Structures are given as C-alpha cells and as structure tokens.
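A.B. asks: The amino acid sequence is not available; the structure is as follows:
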Ligand code: NAP
Ligand code: MG
C-alpha cells in the first residue's frame, strides 16, 4: 500500500468498478487490407503485408499492405489525374457536398470507428468515442462550409489550389489527424495521397471505405499504408506539390532537408514539451483535473500534452498532494472498458522508450512517484508517473517522452515561470492556471507556444488554428490558417 493510502484510509475503500467493456459485435474488420488507390482497393506491387496488433492484448488484428515506390507513384499519378481532370474544375459548392457527406458518414459510423481506433491504437474508448471521432467529423463539417467561400475567406486575393498534397501522419490520433489533413485539402480543391502510421492504419482504411461509399471521384483521395520508406517516397515524388507532416521533430527535419530547393509547400507539426503553469491564486482542484487530463489521459501520447508542471512555491506542497491523491484513483487497463482512464501504450517500442526515460529521470536524481495500481499482465501498459524535484537541465524536463510522465518544477515569480516554460527546444502549447485575467493576458503574450490554454487544457476546435514555434514546427492547421496552407495567392 502506498503512503497516501496508509495515511488516508477513509478515501481508499476496496471497492472497484464492475467491468464495462464496449461491445465489439458491431464492428466490421477484414483479415487483410489493401492500398486505396484511384477509388479502389488494390494489391501492393511490393506483394508485402505487415501485421497490425492490438497493443492491449498483443493479438494480431489484421494484415496491412506495404506500399513501395511503385505503389506511391500509382497513387500520386491517380491524384494528379483526378486533380487535372475533375477536382480543380469542380465548383466549390459541389466539392462541399462530398465533404459534408463524408462528415455525415463518419457520424453514422462513429461507434465502429471509436472501437477500432481503441483496438488498434490502445487509447481509452472514452477518448476515441468522445474526442477523436466527433472532432474528426467536425473537421469535415467545418471545412465543407468553406469550400465555396474561399473568396470570402481571403478577400481581395485570388486563392488557387496547389495540386497533389502528400500527407503523413503519426499514431497518436490516427483518424483525427487524417481528418485534419484531408478536409482542408479537399475544401481548397487539392487532391490527396495520405500515409497513416504503421501501427495505426485501420481507421484511415475505414475512412477509405467511407470515401469510396461517398462517391467522391476516383483518385481524389488515395491512402497508402507502410513504413517510413513509404512516407519518404511520397515526400520525394516529383508530382507532389505540398507536403503536410505531423510526427517527430527528427523526421520533420529529414523531410525539410529532402524538399529543400524544390517548390513544394510544407507544413510541419512536430513534437512538444508543454508546461502547465499553476499560480498561487489558481483554483487548485480544477488545475489538478486539467493537469491529469493534459498528461495522463491518452497515455501522454499527445504532442501538446502538458508534460511539465510549473507550480508556484506557496501552493506546491498542497497541489502535489492533491495530484498524488487523484493519481491513486486513475484506472489503468483495458482500453475498451468505459471506466478506463489510461489505456495501452501504442507499441512495444514506445513503451520501452518511456521506460528508458523513467530510468533516466531516476538516475538524474529526480524523486519518482507512481500510484499503487496494478498493470494488466498482457499488453503494453505504463503507470502514470511523476518526477518531483527536477531541474531545468534534466533530460526528463527538456526532451519529449510521449508517455504518461510528468516532470514537476517550482517557481517563485512570474518572470521565473516564463523563463522556465520557454527554455526548451519546443513551443507547441502551454497551460496557465490563475484567478487573474490580467495575468493570463500577460503570460499568453510572452509564451513562445502556438496554443496557450487558460484554466483548461487540451481543448480543440476545428475553427481554431493549431501549430508550433521553434522545433515544434511551422504552419498552422485548423481554422482559416489551415485553409491558407493549401492555397497559393
Ligand atoms: P514519426 O516517427 O515521425 O512518424 C510520423 C509519420 O512519418 C509516420 O507515418 C511514419 O511512418 C512516417 N515516417 C517515418 N520516417 C519517415 C521519413 N523518413 N519520411 C517520411 N515519413 C516518415 O512520429 P511518430 O512516432 O509516429 O509520432 C509521434 C511524434 O509525433 C511525436 O514527436 C509527437 O509530438 C508528434 N506529433 C505532433 C503533432 C503536432 O501537431 N505537432 C501531433 C501529433 C503528434 P511509420 O509509422 O511507418 O514509421
Ligand atoms: Mg495496432
């Protein structure tokens, strides 16, 4: 039993929630998935397939086709033909009808998509059901609305589509990232070749089925699955006019080098190491919920996760006690269970990376806290972890871990909080917790972060632009800014 449980027996009775797993009866999955090129599912020229597994059970779900350079070439050629012959000529109001239809079909299949997202990627069903899938539909709805209003979005300018957009996405929000990329590209009259991450291709392929069923003209959206080489083949293809990448800073740098000297347009959404900054006048219980939501839900697999906590000295002790108490109540386990707070880590590799960082943090001399919960025997799971007494130079403070690990520091003055929050290579997001509006405005203007949340965390809306500073990348997705990234003027 942990110290907290021993000292507060009244809070910790031995009752447990009864299991409440979401049903899998209604989902439809094939044993094998092909590439989606020119409106059809086709076998890969590589003749190779790879397995996608459920990270919570380590069981194989399906086989996925691996696209080689030839397959990517077929996909880009299909996208270019569709662009030249159909899509760029189609009036915006006609394009909008298809995008609306895709949005509606995502809503109709929301339960199926949520369950598959959770099975393939490991995130808790509550997250995929309440956040990923509804937001994915919202992105299509939002951008459908702009398709015939581009002249109003950019008055006195002449918005022109670019051509073929090559889009590469990571494993943390598989369907949502596909929606972030595809919806604005279609609304602005571009065609698409998209590659999902190798561990989470399934919802992108379900989206391909939806796109096929929607009657979208052949070749307007192509989805090719595979590994890093497949992504590189898209980036390097001569007929790709725009590259939109979300993923790690390392791969972002490779892509930027690869397209230097070409006239391809580029947006990069990369890593993050956001700070939640809690002032003495903050509503502490609310802040604790925001911190928990910011780093532990979704297993910390969020680029804008609040993976650092900066707390003002006067409230540090009480806030950390409240945080530890709340961590004791978190349920880690079956991602399909509706009570689960923290699901499975996406892959074995990611789990070993997180465990490596937990060792690094301990060796650096930080004090570690993990709640007394037990982890399932099978699957890739990690306890929510706090590192206390960390300093700015610690690697667990500077580097992106992409797991449920929170590094805690204290500060005395506003200036010190700003200095510590900004003094890292990333600049994607930040959170500020205070009772004073003036303090919020002062802080937001000084934070080198693309998104700053105040008295809340991890809130998303398709109308709001999102993107980073420094090594978190450049370009914006969402809102009007997200349209501009797919247009020439
Ligand atoms: P990753 O390793 O960079 O992979 C991202 C995508 O790029 C995957 O589809 C990957 O394919 C592909 N890829 C790998 N090497 C490539 C290459 N040389 N050329 C072209 N494509 C290549 O990132 P990840 O591990 O999947 O995702 C985690 C990272 O994404 C974190 O750093 C996180 O912060 C970042 N992220 C950022 C945002 C944002 O908006 N800023 C949002 C979500 C995630 P494979 O999967 O087959 O390797
Ligand atoms: Mg998987």
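C.D. replies: Okay, I see it. Being a predicted model, the structure only gives us computed values, none of them experimental. Numbers count the residues shown, from 1 in each chain. Ligands and ions are numbered 1, 2, ... in the order given.

A.B. asks: Count residues in the vicinity of residue 25, would you?
C.D. replies: When neighbours are counted by other Cβ atoms under 10 Å, residue 25 registers 6. Heads up, the C-betas are built off the backbone N, CA and C, glycines and all.

A.B. asks: got it, and residue 88?
C.D. replies: By other Cβ under 10 Å, the residues close to residue 88 number 16.

A.B. asks: How about residue 434?
C.D. replies: So residue 434, with other Cβ under 10 Å, has 22 neighbours.

A.B. asks: Would you mind listing the residues in contact with the closest residue to it other than its chain neighbours?
C.D. replies: Nearest non-adjacent residue to residue 434, counting by Cβ to Cβ, 6 or more residues apart in numbering: residue 279, 4.1 Å away. Counting by Cβ atoms under 8 Å, 6 or more residues apart in numbering, residue 279 touches 312, 315, 417, 432-436, 439.

A.B. asks: cool, residue 385 as well?
C.D. replies: 358, 368-370, 404-406.

A.B. asks: ok now do the nearest residue to it once chain neighbours are set aside, which residues does it touch?
C.D. replies: Closest residue to residue 385 apart from its sequence neighbours, by Cβ to Cβ, 6+ apart: residue 405 at 4.6 Å. By Cβ under 8 Å, 6+ apart, the residues touching residue 405 are 295, 300, 307, 354, 357-358, 361, 385, 387, 396.

A.B. asks: Find the closest residue to ligand 1 in the stretch 301-450 of the chain.
C.D. replies: Going by Cβ to the nearest ligand atom, ligand 1 is nearest to residue 303 of the stretch 301-450 of the chain, at 3.1 Å.

A.B. asks: element containing residue 409?
C.D. replies: Using DSSP states H and E, residue 409 sits in strand 405-411.

A.B. asks: Is that strand positioned near ligand 1?
C.D. replies: No. Figure legend: strand 405-411 not in contact with ligand 1 (Cβ under 6 Å from any ligand atom); closest approach 13.8 Å.

A.B. asks: gap between the next helix or strand along the chain from that strand and the chain center?
C.D. replies: Per DSSP H and E, the first helix or strand lying C-terminal to strand 405-411 is helix 414-422. Distance of helix 414-422 from its chain centroid, counting by Cα atoms, centre = their mean, to the nearest Å, is 26 Å.

A.B. asks: Packing partners of the following helix or strand past helix 414-422?
C.D. replies: Going down the chain from helix 414-422, the next helix or strand is strand 426-427, by DSSP H and E. Applying 3 or more Cβ pairs under 8 Å, 6 or more residues apart in numbering; DSSP states H and E, one finds that strand 426-427 contacts strand 469-470.

A.B. asks: OK, contacts around residue 273?
C.D. replies: Counted by Cβ under 8 Å, 6+ apart, residue 273 has contacts 307-308, 397-400, 424-426, 428.

A.B. asks: Wait, a strand at residue 53?
C.D. replies: Yes. Using DSSP: H, G, I helix; E, B strand; the rest coil, the secondary structure at residue 53 is a strand.

A.B. asks: Phi first, then psi, for residue 375.
C.D. replies: Phi and psi for residue 375, reported as degrees, to the nearest 10, are phi -100, psi 150.

A.B. asks: Give the closest residue to it in space, chain neighbours not counted.
C.D. replies: residue 381 (4.3 Å).

A.B. asks: For my notes, confirm the one you found occurs in a helix.
C.D. replies: No. Under three-state DSSP, residue 381 sits outside any helix and is assigned coil.

A.B. asks: Helices along the stretch 201-350 of the chain, start to end?
C.D. replies: With DSSP state H, counting those that start in this stretch as the criterion, the stretch 201-350 of the chain has helices at 202-214, 228-236, 249-259, 284-295, 313-328, 348-363.

A.B. asks: Enumerate the positions of the first one that are buried.
C.D. replies: The one in question is helix 202-214. 202-211, 214 (16 or more other Cβ atoms under 10 Å).
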